[in-house]
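Chemist: structure of the sequence below:
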Amino acid sequence: MTTACGGANKKPTPQQQQGPKIGVSVADIQRNGNQTIKQIINESGKQDKAKITWMDAKGDPTQQQKDIQKLIEEKVKVVILQVTDASIGPELVRLLTQNNIKVIALETLPENTPVDGYITSDHSRTGSLQVRYLETLLQQAQQQLKQGEVLLTPQPSQQQQGQQQGQQQGQQSPQGEQQGQQGGQQGQQQQQLIIPDEQQIAMGIQDGGPIKVVVLEGDSNDQMAQGITAAVNTALQSIENIDVVLSQPHPRWDANIAKMTMQQVLAQNSDIDAVLANDSNLAMAAVEVLKQMGMERRVVTVGAGADPKAVKALTSGEHDAEVDNRPDMLAGLAYQAAKDLAEGKPFDYDTRINNGDYTVPTKIVPPRLIQQENAYLLEDRMKEQQGQQQQQGQQQQGQQQQGQQQQGQQQQGQQGQQGQQQSGQQQGQGQQKTTLKITTKEGETVEVQIDGEVQTIESQAGGQQQQEQQGQQGQQGGGQQQGGGQGGQ
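Modeler: Alright, predicted model coming up:
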């Protein structure tokens, strides 16, 4: 009794409380900054024991509609929503709201829709920074041209030195001439590598006429693309000696379409001086086409988003500048807002944005311009993403190996079964069979096939049992017997 009472008075061990249930639906996990956003949200969620459910629409609006339905079935409290297509945003928010799920819009605000919060980078500032970078290059180029400080062609001395060495060595052997030609080519390539951006613009100025610019826009229905493009075009109009050759939207931010756009533009205007893209993927599409035409060192390219591929191209000199929209800050703010709403707390916003019939509480993240000289600001982020990619690659490799092993085991099992079946068939074929043909007095005939040899046949008629031995001929003849009449056929 004493033990029982003591046990009843013991306090139960407190269980760890489960954190909030949060869903994240992104347009495409490969889109600018989304890998960083996922990493930071997951890390924050672990500290709070939150259950984070990720959905990747992979750029497909239909898939995102299915993803939202799954999140509703998961009964999440809040959804961080980055829409694939702005036109479906209002419907997605309506479905979530009807199921008592709070919505935090990320980067794109569904038009005339009452979301609970909006986390975004400063789109107007992004466009302004892109043009400001180009304007700075233009001013430096003009100043250097006036002072005669701009070297517009590779130094002939290095080429001549390589050619002279080749001629001298060529007199001695054909191999020496080839080495000399290679030396001259390497000298020319080295000169191309060190041409700075302002000298690229100076080349355009010296060629005569205005600086020709191409603007690669994102989806025309996306508020992010609208904000960046409007700021870019407005800022370009205020600069003299600028000609916008093309400013074209690309549905769903499709980089493949952007490649075709660049190919068409360069087919008509081979003297393009600069490309300003709404995001890193579009910028990298332009760089790829320029590389194919050997123009990546002559045309200035500026993107937005600072994804790993763009930063790598920037540090190698193939790309010139990126506007970093700070996905690390976006992720931290989005997670905190979702966590607060899930726990019944208000969203700690900085400002409000008018969105049709509604006013949306908003937090805005200031972007920053990244060039080759300050790319070190992104080193930590790039290292973390590379580590994640390596882990994902190892996991995928392990899964593939495991799948191959399972497939091999299945094949071995199937082969074993087939072997057993074949063995059984062979055994069946090797065993002798006997066919009995029985005819009654009434004239009815019945055939029976049995395995093995028949030694005796017993027949009962009228309660009397008759038995006779069959000979070898009767066994092989299928039961046809000549018994003299009394044995019963």
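
Chemist: pull the host helix or strand of residue 331 out as CSV, backbone CA atoms only.
Modeler: Per DSSP states H and E, residue 331 falls inside helix 327-342. Extracted in CSV, the C-alpha atoms of helix 327-342 (Å, rounded to 0.1, in the frame of the first residue of the first chain):
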residue,chain,number,x,y,z
PRO,A,327,17.7,34.5,-49.1
ASP,A,328,19.2,33.9,-45.7
MET,A,329,17.3,36.9,-44.3
LEU,A,330,14.1,36.1,-46.2
ALA,A,331,14.1,32.5,-44.7
GLY,A,332,14.7,33.7,-41.2
LEU,A,333,11.9,36.3,-41.4
ALA,A,334,9.5,33.9,-43.1
TYR,A,335,10.0,31.1,-40.5
GLN,A,336,9.6,33.5,-37.6
ALA,A,337,6.4,34.9,-39.0
ALA,A,338,5.0,31.4,-39.6
LYS,A,339,6.0,30.3,-36.1
ASP,A,340,4.3,33.3,-34.5
LEU,A,341,1.1,32.9,-36.4
ALA,A,342,1.0,29.1,-35.7
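
Chemist: list the contacts of that helix.
Modeler: Helix 327-342 is contacted by residues 19-22, 32-34, 36-41, 44-45, 48, 50, 77-80, 102, 104, 106-107, 116-117, 119-121, 346-348, 363, 365, 381 when judged by Cβ atoms under 8 Å, 6 or more residues apart in numbering. All C-beta spots, glycine's among them, are computed from the backbone N, C-alpha and C.

Chemist: return the subset of these lying in helices.
Modeler: Taking DSSP state H, the ones among the contacts of helix 327-342 that sit in helices are 34, 36-41, 44-45, 381.

Chemist: among these, which one sits closest to residue 143?
Modeler: residue 381 (34.6 Å; Cβ to Cβ).

Chemist: mind listing what that closest one touches?
Modeler: Contacts of residue 381 by Cβ under 8 Å, 6+ apart are 36, 328.

Chemist: which of the contacts of helix 327-342 count as buried?
Modeler: Neighbour-count burial (16 or more other Cβ atoms under 10 Å) is assigned, among those, to 19-22, 32-34, 36-41, 44-45, 48, 50, 77-80, 102, 104, 106-107, 116-117, 119-121, 347, 363, 365, 381.

Chemist: low-confidence regions, the stretch 251-400 of the chain specifically.
Modeler: Counting by pLDDT under 70, the ranges of the stretch 251-400 of the chain that qualify are 384-400.

Chemist: can you give me the strands for it?
Modeler: Here the stretch 251-400 of the chain has its strands, by DSSP state E, counting those that start in this stretch, at 274-277, 300-304, 321-324, 351-355, 358-365, 368-370.

Chemist: adding distance to residue 73, write those out as CSV.
Modeler: Listed next are the strands of the stretch 251-400 of the chain as CSV, based on distance: least, Cβ to Cβ, whole Å:
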stretch, distance to residue 73
strand 274-277, 38
strand 300-304, 36
strand 321-324, 37
strand 351-355, 28
strand 358-365, 27
strand 368-370, 40
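
Chemist: which one of those lies nearest to residue 312?
Modeler: In terms of Cβ to Cβ, the element of the strands of the stretch 251-400 of the chain nearest to residue 312 is strand 321-324, at 10.9 Å.

Chemist: ok, now how distant is residue 349 from residue 337?
Modeler: 8 Å (Cβ to Cβ, to the nearest Å).

Chemist: overlap in contacts, the two.
Modeler: 117, 363.

Chemist: who has more neighbours, these two?
Modeler: Ranked by neighbour count (other Cβ atoms under 10 Å), residue 349 and residue 337 place residue 337 first, with 26 against 18.

Chemist: for the stretch 51-200 of the chain, which segments count as strands?
Modeler: Here the stretch 51-200 of the chain has its strands, by DSSP E, counting those that start in this stretch, at 51-56, 78-81, 102-106, 117-121.

Chemist: for the ones you listed, which one sits closest to residue 201?
Modeler: strand 117-121 (27.0 Å).

Chemist: starting from that closest one, tell me which strands it pairs with and how they run.
Modeler: When pairing is defined by DSSP bridges, strand 117-121 lines up against strand 102-106 (parallel), strand 358-365 (parallel).

Chemist: can you give me the angle it makes with strand 300-304?
Modeler: In terms of direction (axes from the mean of the first three to the mean of the last three Cα atoms, to 10 degrees), strand 117-121 departs from strand 300-304 by 160 degrees.

Chemist: pull strand 117-121 out as PDB, backbone CA atoms only.
Modeler: Included here for strand 117-121 are C-alpha records, laid out as PDB according to Å, rounded to 0.1, in the frame of the first residue of the first chain:
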ATOM      1  CA  GLY A 117       1.900  38.400 -44.100                       C
ATOM      2  CA  TYR A 118       4.300  39.200 -46.900                       C
ATOM      3  CA  ILE A 119       8.100  38.600 -46.900                       C
ATOM      4  CA  THR A 120      10.000  40.100 -49.800                       C
ATOM      5  CA  SER A 121      13.200  41.600 -51.000                       C
END
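
Chemist: wait, residue 281 touches residue 307, no?
Modeler: Yes: in this structure, residue 281 is within contact of residue 307 by Cβ atoms under 8 Å, at 7.2 Å.

Chemist: residues that sit against both of those two, list them.
Modeler: residue 32.

Chemist: can you put the strands paired with strand 117-121 in a markdown table and add distance to residue 60?
Modeler: Formatted as a markdown table, the strands paired with strand 117-121 follow (distance: least, Cβ to Cβ, whole Å):
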| stretch | distance to residue 60 |
| --- | --- |
| strand 102-106 | 18 |
| strand 358-365 | 26 |
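
Chemist: and residue 236, which of the ones you listed is closest to it?
Modeler: strand 358-365 (23.3 Å).

Chemist: could you list the low-pLDDT ranges of the stretch 1-150 of the chain?
Modeler: Where the stretch 1-150 of the chain drops to pLDDT under 70, the residues are 1-17, 149-150.

Chemist: make it 90
Modeler: Along the stretch 1-150 of the chain, the parts satisfying pLDDT under 90 run over 1-19, 30-33, 35, 59, 85-87, 138-150.

Chemist: which of the ones in helices among the contacts of helix 327-342 sit farthest apart?
Modeler: Taking Cβ to Cβ as the measure, those span a maximum distance of 19.0 Å, between 45 and 381.

Chemist: follow-up on the earlier one: for residue 141, find the nearest of the strands of the stretch 251-400 of the chain.
Modeler: strand 300-304 (10.4 Å).

Chemist: return the list of helices and strands in contact with the closest one.
Modeler: helix 123-147, helix 197-206, strand 274-277, helix 280-292, strand 321-324 (3 or more Cβ pairs under 8 Å, 6 or more residues apart in numbering; DSSP states H and E).

Chemist: save the ones you listed as TSV, and put in mean neighbour count and distance to residue 90 too.
Modeler: Formatted as TSV, those follow (neighbours: other Cβ atoms under 10 Å; distance: least, Cβ to Cβ, whole Å):
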stretch	mean neighbour count	distance to residue 90
helix 123-147	19	20
helix 197-206	20	42
strand 274-277	30	28
helix 280-292	23	26
strand 321-324	29	29
